[in-house]
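**Q** Any chance you could fold what I've pasted below:
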Amino acid sequence: MAQARLQSPRRSRIWQVAAALLFGAACLWFSLRGVRPAALRAELTDFSPALALLATASVVLVGAAKALRWQWLYGSRGRDRPWSTHFSILMIAQMLNLVIPIRLGEVARLGLMRQEGRPVGVTFGTIVVEKGLDLLAVGVIVLAFAPLLLLPTNRPEAGVTGPLLGILIFLFLLAVGRLNGPLLRLLDRIPAPRNARLAWLWRGAQRGARAVLSSMAELRGAQLVRVTALTAGIWLVSLATVRIMLEAFGLGLGWNAALALMLALTSSNWAPTPPAMIGVVGAVTVAVLAPFGVAPAEALALGTVMNLVLVGPPVLLGGAALGIRLWRMGETLHLGSLRRAAGLGSAPELPAESQERGHGGA
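**A** Sure thing, here's the model as predicted:
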């Protein structure tokens with residue numbers, strides 16, 4: 001019986017990896033079908049490297065802002081460790097999620113913050129609030145702009161604008177935080193459907209909504225305003241990153257296309273993805289931009305470069321941060337030491353001098 005329980009998680013991980021690789025292969029097939037190699041090569045040499053570098057810088061900026069938000073979510077405890085510590089741990093977590101098909105990032109964050117003296121329960125709470133904020137932001141984006149995305153317009157200036165998106169996200173999150181109690185009571189009063197299957201789905205959705213609203217209850221006063229404003233800024237810069245990449249390829253499609261592509265890329269992360277999201281970003285870009293009149297070869301070229309822009313910074317920064325932590329531990333390079341440096345296994349206590357030196361690093 002015990003052996004069967006041990007084999008079950010291992011079998012589940014094998015299936016996750018297999019599903020991720022199969023999904024990536026299907027995406028590669030979808031994005032490459034009907035695209036002539038000569039046309040793809042031509043499109044890959046016809047974009048603005050300067051704008052691609054600007055988009056790369058904005059990806060780093062989003063990571064830095066997420067680390068600051070994570071630090072703020074600890075409240076007064078956040079001042080115990082500097083922003084650089086939160087940033088390096090967040091980059092390691094993102095790198096693991098991108099490189100390994102099994103989602104280990106959040107587990108690594110719990111382990112690494114425990115090494116920094118933070119209780120696992122407290123860190124878990126900050127991650128829950130963080131996920132709740134982002135889930136609510138996605139919800140308001142979909143509710144506000146889905147009708148516009150379903151009917152692409154030939155006038156790029158019509159419809160969505162980036163600043164308007166940021167303002168709506170900020171106001172919505174602020175309202176949810178301020179009206180948390182009444183919203184929870186209203187949720188409890190909504191009756192479940194009579195149909196058994198619909199009632200089962202409703203109970204699951206109700207539990208999810210309650211978890212999100214309860215996580216927002218942790219934010220109060222100035223902390224609520226700061227965190228919601230920063231969350232709106234994170235999504236605005238993320239949208240600007242996609243818009244910059246469209247402009248880098250000479251696609252003046254406006255905010256609507258950028259928002260559609262950002263939502264699709266965000267949703268693609270919810271499924272098991274292959275290492276570095278190879279094939280996924282290209283397939284999503286081809287599918288989303290087809291209604292906007294973008295040729296498959298041009299869309300695939302954009303998706304290929306965007307894949308590097310989105311994946312490169314967290315993988316490089318996370319790898320550097322992992323190497324620094326391994327050096328601080330003073331251990332040789334092997335699988336066990338890598339697991340401990342990534343927060344996935346027990347780690348020895350670091351000397352105080354090493355901890356202080358590490359606070360100023362990646």
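**Q** Only C-alpha atoms from now on, for both contacts and neighbour counts.
**A** Noted.
**Q** give me the element L40 is part of.
**A** In this structure, L40 sits in helix 37-44 according to DSSP states H and E.
**Q** Which secondary structure elements does the helix or strand that comes right after that helix sit against?
**A** Proceeding N to C from helix 37-44, the next assigned helix or strand is helix 49-73, under DSSP H and E. Packing contacts for helix 49-73, counted by 3 or more Cα pairs under 8 Å, 6 or more residues apart in numbering; DSSP states H and E, involve helix 83-99, helix 120-150, helix 221-248, helix 296-329.
**Q** so which of these comes closest to A25?
**A** helix 296-329 (14.9 Å; Cα to Cα).
**Q** name the helices or strands packed onto that closest one?
**A** Using 3+ Cα pairs under 8 Å, 6+ apart: helix 296-329 touches helix 2-32, helix 37-44, helix 49-73, helix 83-99, helix 221-248, helix 280-289, helix 335-341, helix 352-358.
**Q** Out of these, the one nearest V129 is which?
**A** With Cα to Cα, the closest approach to V129 among the helices and strands packed on helix 296-329 belongs to helix 49-73: 7.8 Å.
**Q** neighbours around A38, how many?
**A** Neighbour count for A38, taken as other Cα atoms under 10 Å: 10.
**Q** List the neighbours of the helix or strand where R203 lies that are in contact with it.
**A** Assigned by DSSP H and E, R203 belongs to helix 196-216. Contacting residues not belonging to helix 196-216 are listed as 125, 128-129, 132-133, 136, 176-177, 180, 183-184, 187, 192-193 [Cα atoms under 8 Å, 6 or more residues apart in numbering].
**Q** Now do whichever strand or helix holds L183: which elements does it pack against?
**A** Using DSSP H and E, L183 maps to helix 180-189. Using 3+ Cα pairs under 8 Å, 6+ apart, the elements in contact with helix 180-189 are helix 196-216.
**Q** Ranked by average pLDDT, which of the helices and strands packed on helix 49-73 falls at the bottom?
**A** Among these, helix 120-150 has the lowest mean pLDDT, at a mean of 81.
**Q** And that helix, how far out from the chain middle?
**A** Remark: helix 120-150 is offset 10 Å from the chain centroid, using Cα atoms, centre = their mean, to the nearest Å.
**Q** tell me the most buried of the helices and strands packed on helix 49-73?
**A** Ranked by mean neighbour count, those are led by helix 83-99 with a mean of 24 (mean count of other Cα atoms under 10 Å).
**Q** Give me the distance from that one to the chain's centre.
**A** 11 Å.
**Q** Now that helix - C-alpha only, CSV.
**A** Extracted in CSV, the C-alpha atoms of helix 83-99 (Å, rounded to 0.1, in the frame of the first residue of the first chain):
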residue,chain,number,x,y,z
TRP,A,83,13.6,43.4,-2.4
SER,A,84,16.6,41.7,-4.1
THR,A,85,16.0,38.5,-2.0
HIS,A,86,12.4,38.4,-3.2
PHE,A,87,13.4,39.1,-6.8
SER,A,88,16.1,36.4,-6.9
ILE,A,89,13.7,33.8,-5.4
LEU,A,90,10.9,34.8,-7.8
MET,A,91,13.2,34.4,-10.8
ILE,A,92,14.3,31.0,-9.6
ALA,A,93,10.6,30.0,-9.3
GLN,A,94,9.8,31.3,-12.8
MET,A,95,12.8,29.6,-14.3
LEU,A,96,11.7,26.2,-12.8
ASN,A,97,8.2,26.7,-14.1
LEU,A,98,9.6,27.4,-17.6
VAL,A,99,12.3,24.8,-17.8
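**Q** CA atoms only: put the next helix or strand after it into CSV for me.
**A** Moving toward the C-terminus from helix 83-99, the next helix or strand (DSSP H and E) is helix 105-115. These are the backbone C-alpha positions of helix 105-115, laid out as CSV (Å, rounded to 0.1, in the frame of the first residue of the first chain):
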residue,chain,number,x,y,z
GLY,A,105,7.9,27.3,-8.9
GLU,A,106,5.5,27.8,-5.9
VAL,A,107,7.0,24.8,-4.0
ALA,A,108,10.5,26.4,-4.6
ARG,A,109,9.3,29.8,-3.3
LEU,A,110,8.0,28.1,-0.1
GLY,A,111,11.3,26.3,0.5
LEU,A,112,13.5,29.2,-0.4
MET,A,113,11.7,31.6,1.9
ARG,A,114,11.8,29.1,4.7
GLN,A,115,15.6,29.1,4.2
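**Q** Tell me which residues of helix 105-115 come out buried.
**A** G105, E106, A108, R109, L110, G111, L112, M113, R114, Q115 (16 or more other Cα atoms under 10 Å).
**Q** For the residues you listed, could you give me a markdown table that also reports distance to G323 and pLDDT?
**A** Putting these into a markdown table (distance: Cα to Cα, whole Å; pLDDT from 0 to 100) gives the following:
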| residue | distance to G323 | pLDDT |
| --- | --- | --- |
| G105 | 16 | 84 |
| E106 | 19 | 88 |
| A108 | 15 | 89 |
| R109 | 16 | 92 |
| L110 | 19 | 91 |
| G111 | 16 | 89 |
| L112 | 14 | 89 |
| M113 | 17 | 89 |
| R114 | 18 | 89 |
| Q115 | 16 | 86 |
